[in-house]
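K.L.:
predicted model, plus sequence, below.
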Amino acid sequence: MEKVYVGKNNEAFVICPKCGFERNMDATRFRNTKTNVTVKCKCI
Ligand SMILES: [Zn+2]
């Protein structure tokens with residue numbers, strides 16, 4: 001599972017525990033839903 005850090009500017013930083021790849025995403029879609037966020041990394 002990847003960790004998601006949501007910033008103040010509706011930015012989400014996703015860090016893959018396997019390869020350490022950091023990804024910057026828009027977090028507005030995460031706040032509009034209560035379901036778990038699943039982000040697929042390129043290493044999977
Ligand atoms: Zn990865």
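P.N.:
Structure's in. What do you need? Predicted model only: the values in this text are computed from it and were never measured.
K.L.:
spell out which parts of this structure neighbour the ion.
P.N.:
For the chain, the contact set with the ion under Cβ under 5 Å from the ion comprises 16, 18-19, 21, 41, 43. (Each C-beta comes from the backbone N, C-alpha and C, glycine too.)
K.L.:
filter those to the buried ones?
P.N.:
Buried members of those, scored by 16 or more other Cβ atoms under 10 Å, are Cys16.
K.L.:
now do the strands in the chain.
P.N.:
Taking DSSP state E as the test, the strands found in the chain are 3-6, 11-15, 22-26.
K.L.:
is the residue nearest the centre of the chain bridged to anything, and to what?
P.N.:
Closest residue to the average C-alpha location of the chain: Val14 at 3.5 Å, with Cα atoms, centre = their mean. Per DSSP bridges, the residues bridged to Val14 are Val4, Arg23.
K.L.:
OK, contacts around it?
P.N.:
Val14 makes contacts with 2-5, 22-25, 39, as judged by Cβ atoms under 8 Å, 6 or more residues apart in numbering.
K.L.:
most packed of the strands of the chain?
P.N.:
strand 11-15 (a mean of 16; mean count of other Cβ atoms under 10 Å).
K.L.:
tell me the angle it makes with strand 22-26.
P.N.:
Orientation check (axes from the mean of the first three to the mean of the last three Cα atoms, to 10 degrees): strand 11-15 against strand 22-26 gives 150 degrees.
K.L.:
so, low pLDDT: which residues of the chain?
P.N.:
Under the criterion pLDDT under 70, the flagged ranges of the chain are 1-2, 30-38.
K.L.:
again, 50 this time
P.N.:
Nowhere does the chain drop to pLDDT under 50.
K.L.:
contacting residues for Val39?
P.N.:
The contact partners of Val39, taken as Cβ under 8 Å, 6+ apart, are 2, 4, 14, 23, 25.
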